[in-house]
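Engineer: next come a sequence and a model predicted from it.
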2 protein chains.
Amino acid sequence: MSIAKKIAESSCRSSWIREMFEEGAKLSQIHGCDNVFDFSIGNPNLEPPEEFQRILEELVADRTPGRHGYMSNAGYPETRVAVAAYLSEDQGVDLTGSHVVMTVGAGGALNVILKAVLDPGDEVIVPVPYFVEYASYIDNHGGSLRPVGCTADFDLDLEAIEAAIGPQTKAVLINSPHNPTGRVYTAEMLGALGDLLRRKSEEQGCIIYLISDEPYRRIVYDGLKVPAVMAAYENSLIASSYSKELSLSGERIGYAAANPAIPHINAMMDALIMTNRILGFVNAPALMQRAIARLQGVSVDISPYQRNRDVLYQALTEAGFEVYKPQGAFYMFPKAPIADDVAFCREAQQHLVLVVPGSGFGAPGYFRMAYCVAPQVVDGAIPALKQMGAKYFKK
Amino acid sequence: MSIAKKIAESSCRSSWIREMFEEGAKLSQIHGCDNVFDFSIGNPNLEPPEEFQRILEELVADRTPGRHGYMSNAGYPETRVAVAAYLSEDQGVDLTGSHVVMTVGAGGALNVILKAVLDPGDEVIVPVPYFVEYASYIDNHGGSLRPVGCTADFDLDLEAIEAAIGPQTKAVLINSPHNPTGRVYTAEMLGALGDLLRRKSEEQGCIIYLISDEPYRRIVYDGLKVPAVMAAYENSLIASSYSKELSLSGERIGYAAANPAIPHINAMMDALIMTNRILGFVNAPALMQRAIARLQGVSVDISPYQRNRDVLYQALTEAGFEVYKPQGAFYMFPKAPIADDVAFCREAQQHLVLVVPGSGFGAPGYFRMAYCVAPQVVDGAIPALKQMGAKYFKK
């Protein structure tokens, strides 16, 4: 078979998330949408804000010539400036438009950043559990993912990170609010991580970057504000998107931003702009770039997610499941009642509840529930969760 | 400097096309837009057809929930079916929606295809001259570009291709209508290439794919129809986009299509869908997918391009330049009057005429003019072309 060996092999393991997503579509056809409780994928069920709709209509009515054509590979200057202004306030660090490259979502941004920094054989340290695609993204550019453990409540384990750092370490990749656990790292924790990376960079005589994947930055509960990674460490890069905060995941609009304090920052920006081009992205979609330029700081109303979190957390804990209470994002990562998380997910599927095995996130023994769903999906799943809980956790 | 070595090195050579494009913006600021004649980049100057505008307004007014969210990584089923129906008629081969993956432009499609087929060390044969990004696209996935010469009038040189084929050959990558020459390969030539690749695949016991990059397919002159690559060879894949035919280059909407006759076609499609995801594209932009589903077979009115081709071709030949008359696309590739094509392009720049050195396409001694520009740009450049012609070609 003339498929690349690596691709043919990983086709077999594929993505659990996507597999469950496709499974959900099939089950819905058989049992009806209302009877299948699909927590498999982080596809926001909230509609984009009304303001997005209004701006999109305005933009589409605008007949300025060339508005659907190429722009600079970095994106429209006015879009980059708008993102930089927002980030400057959010991060407490002065960015200009020149520190931002518009990308095809956060997935595009991560690939653009990794291609710009990784030499063959470089390692990227990633705390477990982690979003499954990170391994592919790092491998795409000749690097390898070095998993490190976290604390029992999914916080960063700085000792484990320090122990994993060596001459082959090019970056640490974090994600906060975190997929799949919902953990948000504190300012103190980020500061301590910054101190560690600064010290190790000096010891080793070369920079260890901190890459922060932040598409859930504005999806946090109980009034929390996500601490700024750029304030904590100078050699930091942010990958983000409007997929979650504006519910635009299918439109592929995001950005990569680099800390102006990075030495050789101009070379870094040139590299990011070039990798955006040579990876075949070329530029972020034009119309969406013009839309988000006018939507900085706007988000969907996340109160339905907060409601889902509260109801689901209560139901799971009452049913006996051990689960970390998410501070952000829209995922919950309960411990499976049996060691074989894949078997447990199959069992849940029998109840028409679709969840994803923790194995897909490098953490067997857990399962993920994406609760960016209609409230009736959460409510509808509760009897099955109780039933499974009663089976495994009966006193 | 902690940038990937490969990226730091190629930052220096960068892209001539983009360099000239940025140079043009600077010169326009100094001398005024009307006095700079910019032929540097293939950014269509024609507006998208009125039908696109109408459909886009309709789509934006539609409030169906989830219309900006994720869909299957392969794209919307109805979009894939629409593209397949168009391709089936165009290629004379029966495709279904399952043979099409929607991508982030043709650049995305090429990367998705190359990632799906290349193992480390594999070679992709590419006729010279070629679009500069091909080398990066192939290198992204561990392959290497094997350049082969063409005939004097930029036709395929089958002997050169045959001589270059070896056990390391995974694919031949062609582009018709051709950038930068405007050449369109005939059905006979494609048939002969198919015969050659069929014979060599059998000899070597493994498939040599024919990858056809076809974003200019509907931009052809004098009533020409571009022959079908899928009819000519069973192991063929098409990468294309709506960047040129609908003037949507900034919106990043395209597709990869595979010949249903490929053995293990299902594995191939799984691989393409997976590489679309793991390269960070995830899916083609949602709104544009829904637009192009309703615009199959629609193109911009190319008569302004034909007019530019005719005027520019006449002016260049009258000025003494040796140049192939393009049958399609919107590029002309004249021979430079001096061996040093970079020096010649700098000289043209002194006349405020921006053209790109052939060196950027693997063909020193030539230069490229992208004539997807306003007619006054062509007309305005003629005096300078005549002046340079008179200097170099005086009798």
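Structural biologist: Perfect, I can see it now. Numbers count the residues shown, from 1 in each chain, chains lettered A, B, ... in the order given.

Engineer: all strands of chain A, in order?
Structural biologist: Assigned by DSSP state E, chain A shows strands spanning A:37-38, A:100-103, A:123-127, A:144-148, A:169-175, A:209-213, A:236-241, A:254-258, A:331-332, A:353-354, A:356-357, A:367-370.

Engineer: export the ones you listed to CSV and append columns for distance to chain B.
Structural biologist: From N, CA and C alone the C-beta is placed, and that goes for glycine too. Output for the strands of chain A, formatted as CSV (distance: least, C-beta to the nearest C-beta, whole Å):
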stretch, distance to chain B
strand A:37-38, 13
strand A:100-103, 9
strand A:123-127, 13
strand A:144-148, 13
strand A:169-175, 7
strand A:209-213, 7
strand A:236-241, 10
strand A:254-258, 10
strand A:331-332, 15
strand A:353-354, 15
strand A:356-357, 15
strand A:367-370, 11
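
Engineer: the closest residue to A:E162 other than its chain neighbours and B:A228: what is the separation?
Structural biologist: With C-beta to C-beta, 6 or more residues apart in numbering or on different chains as the criterion, A:E162 has its nearest non-adjacent residue at 5.9 Å, and that residue is A:L196. Separation of A:L196 from B:A228 (C-beta to C-beta, to the nearest Å): 59 Å.

Engineer: and whatever residue of the stretch 251-395 of chain A ends up closest to chain B, what does it touch?
Structural biologist: Of all residues in the stretch 251-395 of chain A, A:A286 sits closest to chain B, at 3.3 Å by C-beta to the nearest C-beta. By C-beta atoms under 8 Å, 6 or more residues apart in numbering or on different chains, the contact set of A:A286 is A:67-69, A:71, A:76, B:250-251.

Engineer: what sits against the nearest residue to A:M369 once chain neighbours are set aside?
Structural biologist: Counting by C-beta to C-beta, 6+ apart, the nearest residue to A:M369 once its immediate chain neighbours are dropped is A:F39, at 4.0 Å. Shown in contact with A:F39 (C-beta under 8 Å, 6+ apart): A:353-356, A:368-371, A:373, A:377, A:381.

Engineer: quick check: A:F39 vs chain B, distance?
Structural biologist: To chain B, A:F39 is 15 Å away according to C-beta to the nearest C-beta, to the nearest Å.

Engineer: is it true that A:Y86 touches A:V298?
Structural biologist: No: applying C-beta atoms under 8 Å, one finds A:Y86 not in contact with A:V298, separated by 10.2 Å.

Engineer: so who does A:N283 touch?
Structural biologist: Taking C-beta under 8 Å, 6+ apart as the test, what A:N283 contacts is A:70-75, A:102, A:276, A:289, B:250, B:252.

Engineer: one more time with 10 Å, if that's ok
Structural biologist: A:70-76, A:101-104, A:273, A:276-277, A:289, B:104-105, B:107, B:249-252 (C-beta atoms under 10 Å, 6 or more residues apart in numbering or on different chains).

Engineer: and A:V300, by the same measure?
Structural biologist: Contact partners of A:V300, counting by C-beta under 10 Å, 6+ apart, are A:44-49, A:52, A:218-219, A:244-248, A:372.

Engineer: between the residues you listed, which is nearest B:A343?
Structural biologist: Distance to B:A343 across the contacts of A:V300 (C-beta to C-beta) is lowest for A:L248, with 47.3 Å.

Engineer: ok, that closest one - contacts?
Structural biologist: By C-beta under 10 Å, 6+ apart, the residues touching A:L248 are A:44, A:48, A:52, A:105, A:241-242, A:254, A:288, A:291-292, A:295, A:300, B:68-69, B:285-287.

Engineer: filter those residues down to just the ones in helices.
Structural biologist: Using DSSP state H, the members of these that fall in helices are A:52, A:105, A:288, A:291-292, B:286-287.

Engineer: same list (those residues) but as TSV, adding pLDDT and distance to A:A163.
Structural biologist: Listed next are the ones in helices among the contacts of A:L248 as TSV, based on pLDDT from 0 to 100; distance: C-beta to C-beta, whole Å:
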residue	pLDDT	distance to A:A163
A:F52	98	45
A:G105	98	33
A:M288	98	42
A:A291	98	45
A:I292	98	40
B:A286	98	43
B:L287	98	47
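
Engineer: can you turn the buried part of those residues into a PyMOL selection?
Structural biologist: A single PyMOL command selects the buried members of the ones in helices among the contacts of A:L248 (16 or more other C-beta atoms under 10 Å in any protein chain shown):
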select buried, (chain A and resi 52+105+288+291+292) or (chain B and resi 286+287)
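
Engineer: Throw the ones in helices among the contacts of A:L248 into JSON lines and include distance to A:H141, thanks.
Structural biologist: Below are these laid out as JSON lines (distance: C-beta to C-beta, whole Å):
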{"residue": "A:F52", "distance to A:H141": "33"}
{"residue": "A:G105", "distance to A:H141": "17"}
{"residue": "A:M288", "distance to A:H141": "25"}
{"residue": "A:A291", "distance to A:H141": "30"}
{"residue": "A:I292", "distance to A:H141": "26"}
{"residue": "B:A286", "distance to A:H141": "27"}
{"residue": "B:L287", "distance to A:H141": "29"}
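
Engineer: state the distance from A:V184 to chain B.
Structural biologist: 24 Å.

Engineer: once you drop chain neighbours, what's closest to that residue?
Structural biologist: Once flanking residues are discounted, A:V184 sits nearest to A:Q327: 4.3 Å by C-beta to C-beta, 6+ apart.

Engineer: what count of nearby residues applies to the one you found?
Structural biologist: 20 (other C-beta atoms under 10 Å in any protein chain shown).

Engineer: need the pLDDT of it.
Structural biologist: The per-residue pLDDT reported for A:Q327 equals 98.

Engineer: so it is in contact with A:R183, correct?
Structural biologist: Yes: applying C-beta atoms under 10 Å, one finds A:Q327 in contact with A:R183, separated by 6.6 Å.

Engineer: overlap in contacts, the two.
Structural biologist: Joint contacts of A:Q327 and A:R183 (C-beta under 10 Å, 6+ apart) are A:176-177.

Engineer: tell me the pLDDT of A:S28.
Structural biologist: You'll see A:S28 listed with a pLDDT of 85.

Engineer: where do the helices sit along the stretch 151-300 of chain A?
Structural biologist: With helices called from DSSP state H, counting those that start in this stretch, the stretch 151-300 of chain A shows them at A:158-164, A:187-204, A:229-232, A:265-278, A:286-292.

Engineer: got the buried residues for the fourth one?
Structural biologist: Along helix A:265-278, these residues count as buried under the neighbour rule (16+ other C-beta under 10 Å): A:267-278.

Engineer: quick check, nearest of the residues you listed to B:A258?
Structural biologist: Proximity of those to B:A258 (C-beta to C-beta) peaks at A:I278, which lies at 23.9 Å.

Engineer: so the closest one sits against A:L272, correct?
Structural biologist: No: assessed by C-beta under 10 Å, A:I278 is found out of contact with A:L272, at 11.2 Å.

Engineer: who touches both of these two?
Structural biologist: Common neighbours of A:I278 and A:L272, using C-beta under 10 Å, 6+ apart, are A:73, A:112, A:115, B:7.

Engineer: need the residues you listed in CSV (columns: pLDDT and distance to B:P263).
Structural biologist: Below are the shared contacts of A:I278 and A:L272 laid out as CSV (pLDDT from 0 to 100; distance: C-beta to C-beta, whole Å):
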residue, pLDDT, distance to B:P263
A:N73, 94, 38
A:V112, 98, 35
A:K115, 98, 32
B:I7, 86, 37
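
Engineer: pop the domain breakdown of chain A in here.
Structural biologist: A:5-49+A:302-393, A:66-292 (automatic domain parsing).

Engineer: picking up where we left off before, show me which of the shared contacts of A:I278 and A:L272 is closest to A:V311.
Structural biologist: A:V112 (38.1 Å).

Engineer: can you pull the contacts of the closest one?
Structural biologist: A:101, A:103-104, A:141, A:237, A:239, A:254-256, A:271-279, A:281, B:280.

Engineer: if we use 8 Å, what do you get?
Structural biologist: A:V112 touches A:101, A:103, A:256, A:272, A:275-276, A:279, A:281, counting by C-beta under 8 Å, 6+ apart.
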